[in-house]
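Chemist: could you work out the structure for the sequence below:
(2 chains)
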Amino acid sequence: MNIAVEARLAAALTCGVCAGVIAAQNNRRVALGLLIVQYAAVTLLVTQFIPVAIASVKLAGGLIACSILGVTLARLPQAAQARGGGSIPTGRSFRLISVLVVVVAGWGLSRDRWMGTLPLEAYASLGSALLMTLGLLQLGTSDTPFRVGLGILTILSGFEIAYASVEPSLAVLALLAIVHIGISLTVSYLILVVGKVNADRETMA
Amino acid sequence: MSAPFLVFAGSALLTLAAGLLRRRLLAAAIVSACGAALIALFVMMAPTDVPISLLGVNLKLSGTWNVLGRSFNLVPGARPAVGFLYLSGAFLFGGGWAAKPNRYFFPAGIMSLALVAGSLLIQPFVFAAVLLEMTAMAAVLLLATVEYPAQRGGLRLLALYTLAMMAILLSGWMLSIAGVTTATPGLARQISLLLVLGFAVLMAVPPFHLWLPTAAESTNPYALSFVTVILQSAGLFFLLRFLDTYAWLRQSPGLFYGLRVAGVAMVGFGGLAALSQRSFSKLMAYALVADFGVALLAVGAGTPAGFELALGLSAVRVFGLGAWALGLTVIRGQSGRDDLEALAGAGYRLPLASAASIVGVLSIAGLPLTAGFPARWALLSAIAPAHVITATTVVLSILITSAGAIRWIGVLFRTVPFVAAQVPPLSVQILLGAGIGLCVLFGIFPQLLFPWVVLAASELANLMS
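Modeler: Presented below is the predicted three-dimensional model:
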């Protein structure tokens, strides 16, 4: 589908803003809301390469993944929900600066064709690079299942924009959508089952 | 009816049965072990694409199962690898009940086996990376449990396998579209970089080994052994399949040299780190890194004998890991921890369990008379004249890792005030004895095992020619 240049630019920038804010702030519910918006932007970028009906598989997979994480957050005790956090460097200014540095790096990377081989359109390349670099930042600066899970999902979303341009088949989309759902299920398991045991032990201690 | 479909359907049924029996560990272990062994036999022996008569009914099993434009092919080249994985699973499930794993160990374990089998059967085979990512997800369920609520190792595994999946998928696309040959060195270099990243994760090459010691620190040793055997074997099969399929990769001038350098680094790093550990589980984690390094050295030899020996090392690893894990689980069940202080004198309280855990580590280290030694000896014989540094590294790996294990013999048999321990049940003692026996048996009579390995390797026609 041919979508307007402005819409593609907006989608790429939305990807960057969402991933940047997720990495820079602590609130889990805000992060989850931004992840949903991020999936919508990724789907919009992907529609350049594949029909909307097939691209919607990606959005559906993302929404299911977000729902699983949302249900998990809702089942956490209030205290644990409020705690949020999970980033190793906790200073907000530090994280803000690191996000800005990574955004610049991502923008720089997106200007070159992927290793000189992928025929990626400029805005898709920008969205993809921003998501992958900011996802890596999130992954490197987090140590809790929720935030690591968000990091992995963000990197994967960035990769999928690039990969959809070369492998637009439904089978691959479905497999990768299953991977998104699987990651969110695994992360939910770690948060709920294992996290609860750790919390109980802390309470008893 | 197709054979791959039957393999997956059988695994699904087995997962269901093990799940229903999850509160009865012994029954779940028996069902899982027998079921996995049956599937292994089916995979290795089922005649495909020829008419057969079964109980008077004429059948023809297809070797291919098509799903959404992709196919799962039970081709001769994949049969030994899939069969080996199911047999390894059957072996570890058989003793699993004694290690008191989480109740989801058996269903999640069978699910992992089916996913790895899928990764070996799928065509185009670069999509195996996606199935390996799913295997990593199932592995997280095995590593982090209510009894061992450690998250970090599992999270690292998940993150690393996601990166590997992306690298392999991208390189797979480049391979299929860009038409790489030996005449396109620039493109080959770019793809090689991606492949190196992907396989470095799958083969736990430092620094991508980080999930292993972290998980070892706080996971049921038996679950860790299972996960390591499955993931590592799958990674090695995947690597060999890549080498077998792409001639330009085999003919890359620096490839085998690079593998040998990575192997030397892994052996040095793993061996020295194992020597300095204060936790018995982490000792094994680093001993495994050194062992994986020896397997890479074998592949890096670039000869048919080297490829066979890499597969052989994978096969004997199952016995060493099983014996170590069962022994340590019994000890840890009574001491609670596995550091130097907690295990001091455990050899007097639980002699059989201590012996099993030590023999297991020594087998992974490759000490003579244990299962890990014959493959190393054969590797030395095969490479010594041409690759002196590699051969020296193999010898050093045996010495350094064994020294680490021997240090722990001193800890286990340190004289401390005797505290009586609960003697394990007879059935557990039999399993421990069997674990020690198998490690020694395959150390003395490697000819019992290696013909199977040679048979498995013979299916990699291009590598073996």
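Chemist: in the stretch 201-350 of chain B, which residue sits nearest chain A?
Modeler: At 10.5 Å from chain A, B:S218 is the closest residue in the stretch 201-350 of chain B, using Cβ to the nearest Cβ. Every residue, glycine included, has its C-beta placed from N, CA and C.
Chemist: so what's the residue count around that residue?
Modeler: B:S218 has 17 neighbouring residues, counting by other Cβ atoms under 10 Å in any protein chain shown.
Chemist: what does A:P77 give?
Modeler: 10.
Chemist: near chain B, which residues of chain A?
Modeler: Residues of chain A lying close to chain B by Cβ under 8 Å from any Cβ of the partner chain are A:115-117, A:139, A:143-145, A:148, A:151-152, A:155-156, A:159, A:162-163, A:166-167, A:169-172, A:174-176, A:178-179, A:182-183, A:185-186, A:189-190, A:193-195, A:197-198, A:201.
Chemist: just checking, what packs against the one helix or strand B:A33 maps to?
Modeler: Using DSSP states H and E, B:A33 sits within helix B:25-45. Counting contacts by 3 or more Cβ pairs under 8 Å, 6 or more residues apart in numbering or on different chains; DSSP states H and E, helix B:25-45 packs against helix B:3-20, helix B:79-96, helix B:105-121.
Chemist: most packed of the ones you listed?
Modeler: Of all the helices and strands packed on helix B:25-45, helix B:105-121 has the most neighbours on average by mean count of other Cβ atoms under 10 Å in any protein chain shown, namely a mean of 27.
Chemist: ok now that helix, how far from the chain's centre?
Modeler: 13 Å (Cα atoms, centre = their mean, to the nearest Å).
Chemist: if we can go back for a sec, what angle separates the helix holding B:A33 from helix B:105-121?
Modeler: 20 degrees (axes from the mean of the first three to the mean of the last three Cα atoms, to 10 degrees).
Chemist: okay, buried residues for helix B:25-45 please.
Modeler: B:25, B:27-33, B:35-37, B:39-40, B:42-44 (16 or more other Cβ atoms under 10 Å in any protein chain shown).
Chemist: picking up where we left off before, filter the residues of chain A next to chain B to the buried ones?
Modeler: By neighbour count, with 16+ other Cβ under 10 Å, these hold A:117, A:139, A:144-145, A:148, A:151-152, A:155-156, A:159, A:162-163, A:166-167, A:172, A:174-176, A:178-179, A:182-183, A:185-186, A:189-190, A:194-195, A:197 as buried.
Chemist: narrow those to those in helices?
Modeler: A:139, A:145, A:148, A:151-152, A:155-156, A:159, A:162-163, A:166, A:172, A:174-176, A:178-179, A:182-183, A:185-186, A:189, A:195, A:197 (DSSP state H).
Chemist: give me the contacts around the helix holding B:A33.
Modeler: For helix B:25-45, the surrounding residues in contact (Cβ atoms under 8 Å, 6 or more residues apart in numbering or on different chains) are B:3, B:6-7, B:10-11, B:13-14, B:17-18, B:21-22, B:74, B:79-80, B:82-87, B:89-91, B:93-97, B:100-101, B:103, B:106, B:109-110, B:113, B:117.
Chemist: how far does it sit from its chain's centre?
Modeler: For helix B:25-45, the distance to the chain centre is 18 Å (Cα atoms, centre = their mean).
Chemist: try stretch A:191-202
Modeler: 25 Å.
Chemist: kindly report the same for stretch B:435-453.
Modeler: That offset, for stretch B:435-453, works out to 17 Å (Cα atoms, centre = their mean).
Chemist: need the contact partners of that stretch.
Modeler: With Cβ under 8 Å, 6+ apart as the test, stretch B:435-453 has contacts from B:80, B:95, B:308, B:311-312, B:315-316, B:319-320, B:322-323, B:326-327, B:352, B:355-356, B:359-360, B:362-363, B:368-375.
Chemist: now, of these, which are buried?
Modeler: For the contacts of stretch B:435-453, a burial check counting by 16+ other Cβ under 10 Å picks out B:80, B:95, B:308, B:311-312, B:315-316, B:319-320, B:322-323, B:326-327, B:352, B:355-356, B:359-360, B:362-363, B:370-375.
Chemist: surely B:Q334 touches B:R349?
Modeler: Yes - between B:Q334 and B:R349 there is a contact under Cβ atoms under 8 Å: 7.3 Å.
Chemist: those two: who's more crowded?
Modeler: Comparing B:Q334 with B:R349 by other Cβ under 10 Å, the one with more neighbours is B:R349, at 19 against 15.
Chemist: check contacts around the more buried one.
Modeler: Applying Cβ under 8 Å, 6+ apart, the residues near B:R349 are B:Q334, B:F418, B:V419, B:A420, B:A421.
Chemist: and the next element down the chain from the helix ranked longest in chain B?
Modeler: As assigned by DSSP H, the longest helix anywhere in chain B is helix B:304-335. Later in the chain than helix B:304-335, the nearest helix or strand by DSSP H and E is helix B:340-343.
Chemist: so how far is the helix or strand just after that following helix from its chain's centroid?
Modeler: Remark: after helix B:340-343, the chain's next helix or strand is helix B:346-349, criterion DSSP H and E. Counting by Cα atoms, centre = their mean, helix B:346-349 is centred 30 Å from the centre of its parent chain.
Chemist: C-terminal to helix B:346-349, what's the next element?
Modeler: Next along from helix B:346-349, by DSSP H and E: helix B:351-365.
Chemist: for that following helix, packing partners?
Modeler: helix B:280-300, helix B:304-335, helix B:346-349, helix B:388-412, helix B:426-444.
Chemist: try it again at 10 Å.
Modeler: On a contact count with 3 or more Cβ pairs under 10 Å, 6 or more residues apart in numbering or on different chains; DSSP states H and E, helix B:351-365 meets helix B:221-245, helix B:255-275, helix B:280-300, helix B:304-335, helix B:346-349, helix B:373-383, helix B:388-412, helix B:426-444.
Chemist: for chain A, which segments count as helices?
Modeler: Taking DSSP H, the helices of chain A run over residues A:5-24, A:28-46, A:52-75, A:78-83, A:92-110, A:122-140, A:145-166, A:170-189, A:195-204.
Chemist: buried residues in the third one, which are they?
Modeler: Using 16+ other Cβ under 10 Å as the test for burial, helix A:52-75 gives A:54-59, A:61-66, A:68-70, A:72-73.
Chemist: hmm, back to that, in terms of mean pLDDT, which of the helices of chain A ranks lowest?
Modeler: Per-stretch mean pLDDT for the helices of chain A is lowest at helix A:78-83 (a mean of 54).
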